[in-house]
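J.: Attaching a predicted model along with its sequence, questions to come.
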Amino acid sequence: MDSQVLLIKDRVHVAIETGESHFREFKSAITINDGIKIPRPPKEVCKDIAETLVAFANADGGELLIGVEDDSSITGIPHKEEDLKMMLAAPRTHVHQKTPLKNYKFLKVDFDGNVVLYFQTEKSTETIHLTSDGRCLQRKDRETVPIPPLNITFQRQEQRSRQYDRQFVDSALVSDLDNNLVQEVGAAICKGLSPERTLQHLDLAEYTPAGLKIKRAALLLFAKDIVKWHPRAQVRFVRVAGSELKSGIEYNATEAGVVTGNILSLLVETWEKLRPFLVQTRLSSGAVFEIKTMYPELACQEAIINALAHRDYSIEGRGIEIFIYDDKMEIKSPGLLLSTISIDNIKQLKGAHESRNALISRVLRERGFMRELGEGMRRIYELFKRNELSPPEIISQNDNFTMILHQKSVYTTEQKLWLDEFKSDDLTPEEKAVILLGYNNNIFSAQDIWDTLGIVDTEDYRKIVYSLQSKGILAGQYGNINEAKRIAKNKRIPFRQFRRYYIVKADLRGEPRRPKVTEAALLKKVSKEKEPNYEKTRAYVANVPYSVSVHDLYEMFGAVGVSSTFIFQ
């Protein structure tokens, strides 16, 4: 016991010198009343002890010193012996009886003539601890903060999932792997590498005096008998009749097969199994039955790769599931989206990425299945946009990450009929978006074009206007642009917001569209309409009352000769 006391005293000394941190907390046992130091109520100190230790156990562990101030000065505990006993029992009496602290230490230490209580607890990996009044707390930097127990569950599961593919499996041997697959990957890195060297180069194995130690990632990628190492390394296919999964007597789903194997074989076999579901036989407009691909194939391949590369393999009781509905397809992977990435990050298409399974992702990149992390998701969205289909939905909830791919067009039936008038014009998606602005004889502005296409560069605006005008589709309501500017100015409307464009199409009698303007003449015309560089000429006005309208501002600035192309934001 004496040696333990000496050891604790050394630790207390180091702790006080180091100061408070994520792993260390000091609590005073005194309070000042009218300039006199008096002992704090023992119940308050016991409450502090329980709260701090619970917070440490729910985080990364830590140590608590009672009788030390925040500035590391030692003031001790001027309490009676019975109060000290109450404090030392606080980790038991003030922690919820159903979530007791198991791995904790406590000791009373005489430090330079002052009594200090020392408590230390380890990180808990099995239990989420609560105080005796049912509060869940966790250590965040230097603070003890309340947190929902479910959040701690997710944090621990995420940590396990991040470490899963890097763990060594003692019973695994190189002979448990498909060496042909290992050599294929090795050849992509450097020809002539042996399976053992390939595994070490990819950090999938490590040479030790006892032989080559294999990591889980190697087994997930290359195992001959994957079921021996992971019971649900598989993809299950479910066919759903209709657009909604029902239950009970109305259950409308049938098993369509299960593919099991290591990741590299699953990438190939899952795709072969899925391909027949991507096409349907439909009656064409010419009353002829034809086979139509309902989803972009490359996007579906990327979705499969994404699911196999990023699923949570530490969840061994479930595999990937693909539900094929009449109008959509859902790819459901075990595990939530990583906490460091949000759904908004993904939808912004900026390549947000972080790999749960770093070793698996590295091998898939080396083998050519993946490019840069984050590119796959962006490519899926771009392919759906290019094929004029509604963007995929992504959902992260109920311990699953789900991607929903739709067959639905981005256009309504009425919009399709309107665009069909321009079938022969070989339109880009951007041109179609502008043409939709003119649906139902709508008159629209240059600003509408900028906003619809998300244009930030004047040259991009000029190109789209030129392209549509050269095809005879986009026209101005006023033949003379100067006349349009005059009217806009009289109406006190910024020219870029002045509605003047309309869409021209062949009439119902099939008469040809107006003669196309020659390129030289059109370039001259469009150059006159070219928007100025607003970044260089923009005026910023601040502290404007809400009662002031855009027209009021326009009239005020117009009095000093502001151009009719002045815009307000």
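T.: Structure received.
J.: any idea of the mean pLDDT in the helix or strand where L308 lies?
T.: Using DSSP states H and E, L308 maps to helix 297-310. Averaging pLDDT along helix 297-310 gives 93.
J.: mind listing what's buried in it?
T.: 299-310 (16 or more other Cβ atoms under 10 Å). The C-beta positions use only the backbone N, C-alpha and C, and glycine is treated the same way.
J.: which one of these sits closest to K471?
T.: Closest approach between those and K471, by Cβ to Cβ: A299, at 29.5 Å.
J.: Leaving out sequence neighbours, find the closest residue to that closest one.
T.: In space, not counting the residues next to it along the chain, A299 is nearest to L383; the distance is 4.0 Å by Cβ to Cβ, 6 or more residues apart in numbering.
J.: Now do the contacts for that neighbour.
T.: 296, 298-299, 302 (Cβ atoms under 8 Å, 6 or more residues apart in numbering).
J.: again with G257
T.: G257 touches 236-237, 273, counting by Cβ under 8 Å, 6+ apart.
J.: Where helices are concerned, which of these count?
T.: Counted as lying in helices by DSSP state H, out of those, are K273.
J.: got the phi/psi numbers for K105?
T.: phi -130, psi 150 (degrees, to the nearest 10).
J.: How about it: what's its closest non-neighbour residue?
T.: Per Cβ to Cβ, 6+ apart, closest to K105 is Q120, 4.7 Å.
J.: Am I right that that neighbour is in a strand?
T.: Yes - Q120 sits within a strand when classified using DSSP: H, G, I helix; E, B strand; the rest coil.
J.: rewinding a little: in three-state terms, label the residue nearest to A299 for me.
T.: Criterion first, three-state DSSP; result for L383: helix.
J.: how far away is it from E302?
T.: 8 Å (Cβ to Cβ, to the nearest Å).
J.: Now the common contact residues for these two.
T.: With Cβ under 8 Å, 6+ apart, L383 and E302 have no common neighbours.
J.: Report the buried residues of stretch 41-53.
T.: 42, 45-53.
J.: how about the strands of the stretch 1-150 of the chain, start to end?
T.: For the stretch 1-150 of the chain, the strands defined by DSSP state E, counting those that start in this stretch cover 24-27, 30-33, 36-39, 62-66, 104-111, 114-121, 137-140, 143-146.
J.: Of those strands, which stretch is the most buried?
T.: Ranked by mean neighbour count, the strands of the stretch 1-150 of the chain are led by strand 62-66 with a mean of 24 (mean count of other Cβ atoms under 10 Å).
J.: Parallel or antiparallel, list what pairs with that one.
T.: Partner strands and pairing direction for strand 62-66 (DSSP bridges) are strand 24-27 (parallel), strand 114-121 (antiparallel).
J.: Break the chain down into its structural domains.
T.: Per automatic domain parsing, the structural domains of the chain span 2-147, 163-228, 234-406, 413-558.
J.: Determine which of these approaches Q155 most closely.
T.: The nearest among these, by Cβ to Cβ, is domain 234-406 at 7.3 Å.
J.: For the strands paired with strand 62-66, give me CSV that also has distance to G67 and mean pLDDT.
T.: Shown next, in CSV, are these (distance: least, Cβ to Cβ, whole Å; pLDDT from 0 to 100):
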stretch, distance to G67, mean pLDDT
strand 24-27, 8, 94
strand 114-121, 4, 92
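J.: Dump those strands to CSV, plus distance to H406.
T.: Converted to CSV, these look like this (distance: least, Cβ to Cβ, whole Å):
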stretch, distance to H406
strand 24-27, 52
strand 114-121, 50
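J.: one step back: so which of the contacts of G257 sits lowest on pLDDT?
T.: Scoring the contacts of G257 by pLDDT puts K273 last, at 94.
J.: Does that one touch F237 like I think?
T.: Yes - proximity of K273 to F237 meets the contact threshold set by Cβ atoms under 8 Å, at 6.3 Å.
J.: List the residues that are in contact with both of the two.
T.: 257, 259.
J.: residue ranges of the helices in the stretch 351-500 of the chain, please?
T.: 358-367, 375-386, 413-420, 429-437, 446-453, 458-470, 481-490 (DSSP state H, counting those that start in this stretch).
J.: Can you add distance to Y501 and mean pLDDT and give those back as TSV?
T.: Formatted as TSV, these follow (distance: least, Cβ to Cβ, whole Å; pLDDT from 0 to 100):
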stretch	distance to Y501	mean pLDDT
helix 358-367	47	88
helix 375-386	24	86
helix 413-420	16	85
helix 429-437	8	90
helix 446-453	7	89
helix 458-470	8	88
helix 481-490	10	85
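J.: hey, where'd the strands end up in the stretch 251-400 of the chain?
T.: 253-260, 279-283, 289-293, 320-324, 328-334, 393-397, 400-406.
J.: can you tell which of these is closest to N114?
T.: strand 393-397 (51.7 Å).
J.: So what's the gap between that closest one and the chain middle?
T.: Relative to its chain's centre, strand 393-397 lies at 10 Å (Cα atoms, centre = their mean, to the nearest Å).
J.: now, which of the buried residues of stretch 41-53 sits nearest I443?
T.: Distances from I443 to the buried residues of stretch 41-53, taken by Cβ to Cβ, are shortest for E51, at 66.0 Å.
J.: ok, that closest one touching S132?
T.: No - taking contacts as Cβ under 8 Å, E51 lies outside contact range of S132: 10.1 Å.
J.: got TSV for the strands of the stretch 1-150 of the chain, with distance to V456 too?
T.: Output for the strands of the stretch 1-150 of the chain, formatted as TSV (distance: least, Cβ to Cβ, whole Å):
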stretch	distance to V456
strand 24-27	50
strand 30-33	60
strand 36-39	65
strand 62-66	49
strand 104-111	58
strand 114-121	54
strand 137-140	39
strand 143-146	41
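J.: Out of the ones you listed, which is closest to L181?
T.: strand 137-140 (43.0 Å).
J.: average model confidence for the closest one?
T.: 92.
J.: what residues does that strand touch?
T.: Here strand 137-140 has contacts from 22-23, 51, 54-56, 58-60, 62, 131, 144-147, 152, using Cβ under 8 Å, 6+ apart.
J.: Extract the C-alpha set from that strand and format it as PDB.
T.: What follows is strand 137-140 as a C-alpha-only set of coordinates in PDB (Å, rounded to 0.1, in the frame of the first residue of the first chain):
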ATOM      1  CA  LEU A 137     -22.500  13.100 -19.400                       C
ATOM      2  CA  GLN A 138     -19.400  13.000 -21.500                       C
ATOM      3  CA  ARG A 139     -16.000  14.700 -21.400                       C
ATOM      4  CA  LYS A 140     -15.500  17.200 -24.300                       C
END
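J.: Within the sheet, what are the partner strands of that strand, with directions?
T.: Per DSSP bridges, strand 137-140 is paired in its sheet with strand 143-146 (antiparallel).
J.: give me the low-pLDDT residue ranges for this structure?
T.: Along the chain, the model assigns pLDDT under 70 to residues 1-8, 281-291, 349-354, 372-374, 479, 506-569.
J.: one more time with 50, if that's ok
T.: Low-confidence segments of the chain, defined by pLDDT under 50: 1-3, 5-6, 508-519, 522-524, 526-536, 561-569.
J.: nearest to Q157, of the domains of the chain?
T.: It's domain 234-406; of those, that one is closest to Q157 (Cβ to Cβ) at 7.4 Å.
J.: Would you mind measuring the gap between the ends of that closest one?
T.: Its start and end residues considered, domain 234-406 measures 24 Å (Cα to Cα, to the nearest Å).
J.: just how off-centre is that domain within its chain?
T.: That offset, for domain 234-406, works out to 16 Å (Cα atoms, centre = their mean).
J.: shift numbering so it begins at 21
T.: Will do, 21 is the new start, and the previous item becomes domain 254-426.
J.: Kindly reformat the helices of the stretch 371-520 of the chain as a markdown table and extend each row with distance to Q220.
T.: Below are those laid out as a markdown table (distance: least, Cβ to Cβ, whole Å):
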| stretch | distance to Q220 |
| --- | --- |
| helix 378-387 | 12 |
| helix 395-406 | 27 |
| helix 433-440 | 57 |
| helix 449-457 | 48 |
| helix 466-473 | 51 |
| helix 478-490 | 50 |
| helix 501-510 | 70 |
